[in-house]
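What shape does this take:
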Amino acid sequence: MTWLIENLHVVSKDRIFEVYLNVIEWGPNVYGIKEASWFYFKKRPADLNLKESIFLASIIPSPKYYRFSFEQNGKLKDCFLNYFKRVAEIMTRRNQISPSDTIGLSLDIELKGEGKKLLLSKDTTANESETLDLFLNNDDEN
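Got it, this is the predicted structure:
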């Protein structure tokens, strides 16, 4: 359907992308980029920095499991550094950001909104963990 809309010039790719970002799920009962930026960072989307934006992009495939991206102390896991660097490299190559924007790119992301409260809550069940393990193991087999 998206292909038809785009190729019949009903709307542009930018508009399709804008609509997509404003309807997808970004976390538990969090829909749209405006809600997501507030849920995780207590900011408007326009006020997000590069690291926060890359983090949000990283959770799109599995938004309900964002909590598993963090250590128990609230620090983003080190395994995400290569992802951050790769996304920044692509954005630089496409002239979306300047090379100076990537200097010192690190994982020091501070959640401030409801996302932080959920992250630090002790209600993570074994069932959630088992579901994530099953998801990850099935992904490796494909």
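
List the residues that contact the most centrally placed residue in the chain.
Nearest to the centroid of the C-alpha atoms of the chain, with distances taken as Cα atoms, centre = their mean, sits Leu56, at 2.2 Å. Shown in contact with Leu56 (Cβ atoms under 8 Å, 6 or more residues apart in numbering): Trp26, Ile33, Ala36, Ser37, Tyr40, Leu48. (Each C-beta comes from the backbone N, C-alpha and C, glycine too.)

For this protein, which segments are assigned as helices?
For the chain, the helices defined by DSSP state H occupy 2-7, 13-21, 33-41, 50-59, 81-93, 114-120, 126-141.

Output the third one as PDB, nothing but the C-alphas.
It stands for helix 33-41. Output of helix 33-41 as PDB, limited to C-alpha atoms (Å, rounded to 0.1, in the frame of the first residue of the first chain):
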ATOM      1  CA  ILE A  33       7.300  10.200  18.700                       C
ATOM      2  CA  LYS A  34       5.800  13.000  20.800                       C
ATOM      3  CA  GLU A  35       4.700  10.600  23.500                       C
ATOM      4  CA  ALA A  36       7.900   8.600  23.200                       C
ATOM      5  CA  SER A  37      10.200  11.600  23.700                       C
ATOM      6  CA  TRP A  38       8.200  12.600  26.700                       C
ATOM      7  CA  PHE A  39       8.000   9.000  28.100                       C
ATOM      8  CA  TYR A  40      11.800   8.500  27.900                       C
ATOM      9  CA  PHE A  41      13.300  12.000  28.200                       C
END
